[in-house]
Structures are given as structure tokens and as C-alpha cells.
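> sequence? don't have it. structure:
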């Protein structure tokens, strides 16, 4: 397997902090996540206001946000894992990945939308919405991870192999 | 209102980071479970909040700030997707499918339970 194209098993699996992280994470890390999360949630709220969804229709806005956010997080994490998770790289992961994109996307609103469709008698629509969201989200994340792994750092091509 | 909602979202995201770190520290497994714990609790709480609002007890503004803001920022769809995608890309297709399906079913069950707890 081309480790340059596909993230290897040794790579961090999530935006999750490392297992040896302190029980109470350092405050600056949580602040970075909070600042990013504020931006991400604000963007989702503004999009929700700008694009009206019919009361009996699919929650297209949440679906679009969740799929786009999954792809963007894939790209970001694949690009960031080209180096150690420290310093500016870690700050970007926390603020933009865990914060902005984690806050931009939402599982709770998605789940309540599914339950709302099913309890409103639209069982097929609810099941379809759930399956399409999860499948498209994972698919978008795969695309993002692969695309992000192919992004070359400036000057990387000049080095032998260019592998990070 | 939207400023309050966004700030609540920032707090929710920070809460997710703290809870995720605590879960990973206690349950260091090869399948990421921190996001699952976060999302299931978020769905339970949003279900309860929605049920409470539907019963007429909770104001809509509170639902917006806590539900769309805090719990929207606390839960995450993108991390769940990337976790499953990474399992898929390292050849653990079965684990990826189980991760995604279990996350979905557990979150839906939690949302239904939350609604039942406080709903009309």
C-alpha cells in the first residue's frame, strides 16, 4: 500500500487527543477548540437561516453540512499528519479540525431529524436519510483523506520521493 | 441570539474535547470510542431537550441555544465519518461498518430515549 497516498495504520485515528493525554487537557487546547467551535457553529446556524428547508422535506442543509464537513476534515487531517502533532500543526488540528469542523457538523441534530421523520410517519424517508447521510459522510471522508494525502508541501517534489 | 448560540457551540466543542480525552484515557481501544460516547450523550440530551420543548415547558430560544448551539457543537458528524473512513482505508472494512452502524443505532436509540423521558 502506498503510504503516501493512504494514511497508514500508525497514523492517529481521530481528532482525539493521545491516550496519554492528561485527564484534564491543558486549558489553551480547550480554548483553541472552543474558539474554533464557535466559528463552526456560527457558520452552521447562518447556513440554516439562509437556506430554508420545507417542514416535510429532507433536512438538506444538515446533510450538506455533514458531508462537506466530513470531506474537509479528511483533507485537513491527512495534510496535518505529514508531520508530528506538535506546535502550530497541533494548534491547527485543534482549532480547525476539532473546533471549526467538529462544531460545524452535528450528529445530534442529524439523529433528531431522522427520529422526527420516522415518528412523523415518513419511515422510508427517515431510513433513507440516515443511510445516505452516514454513507455519504464516510465516502466524503475517504475522498478527503486520499486527496489530502496527495497534497504536496511546498518543496516536497524537489526532495527524493517527496514522501512525508 | 445567534451570538449566544455560537458561544454555546464553542463551549460544546470544548466539552467534547474534554469528554473525548477522558474516554480515550480510560478506554484505550483500537476502535475509537470517545466520539461514540460524545455523540450518544449528545443525542440523549437533545432528545430530552426537544421532548421538554414539545411539551411546552421549554422556550424555543433555549432549545436553539442549547440544542443547535451547545449540543450541536458538542456532537460531531465529521469526526465519526473520518474515524470510519480511516478504518476502511487501513483495510479494516468490517470494523468501519460496525463503527458507523453502531454509532447510528446507538445515537438514534439515545435520541428516542431522550424524547420519551421528557416528551408529551
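Nice, I can see it. Source: prediction; values computed, not measured.

> the lowest-mean-pLDDT helix or strand in chain B near chain A anywhere?
Across the helices and strands of chain B, the lowest-confidence element by mean pLDDT, DSSP states H and E is helix B:60-62, at a mean of 87. No. With C-beta under 8 Å from any C-beta of the partner chain as the measure, helix B:60-62 is seen stopping short of chain A, the closest distance being 13.0 Å. All C-beta atoms are positioned from the backbone trio N, CA, C, and that covers glycine.

> and residue B:32, helix, strand or coil?
coil (DSSP: H, G, I helix; E, B strand; the rest coil).

> can you pull out the helices in chain A?
A:27-50, A:60-80, A:87-92, A:102-104, A:107-119, A:123-150 (DSSP state H).

> got TSV for those, with distance to residue B:2, mean pLDDT and mean neighbour count too?
Written out in TSV, the entries for those read as follows (distance: least, C-beta to C-beta, whole Å; pLDDT from 0 to 100; neighbours: other C-beta atoms under 10 Å in any protein chain shown):
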stretch	distance to residue B:2	mean pLDDT	mean neighbour count
helix A:27-50	6	94	21
helix A:60-80	15	96	23
helix A:87-92	26	92	14
helix A:102-104	14	97	33
helix A:107-119	16	96	25
helix A:123-150	25	97	19
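
> just to revisit the earlier point, what helices or strands is the least confident helix or strand of chain B leaning on?
Secondary structure elements in contact with helix B:60-62, counted by 3 or more C-beta pairs under 8 Å, 6 or more residues apart in numbering or on different chains; DSSP states H and E, are helix B:34-54.

> so who does the residue nearest the centre of chain B touch?
Nearest to the mean C-alpha position of chain B, counting by C-alpha atoms, centre = their mean, stands residue B:39 at 2.3 Å. Contacts for residue B:39 (C-beta atoms under 8 Å, 6 or more residues apart in numbering or on different chains) come out as A:107-108, A:111, B:75-76, B:80, B:103, B:106-107.

> so for chain B, which of the helices of chain A sits nearest?
Across these, the minimum distance to chain B, taken as C-beta to the nearest C-beta, is reached by helix A:27-50, at 2.4 Å.

> the closest one close to chain B?
Yes. Applying C-beta under 8 Å from any C-beta, one finds that helix A:27-50 is in contact with chain B at A:29-31, A:33-42, A:44-46, A:48-49.
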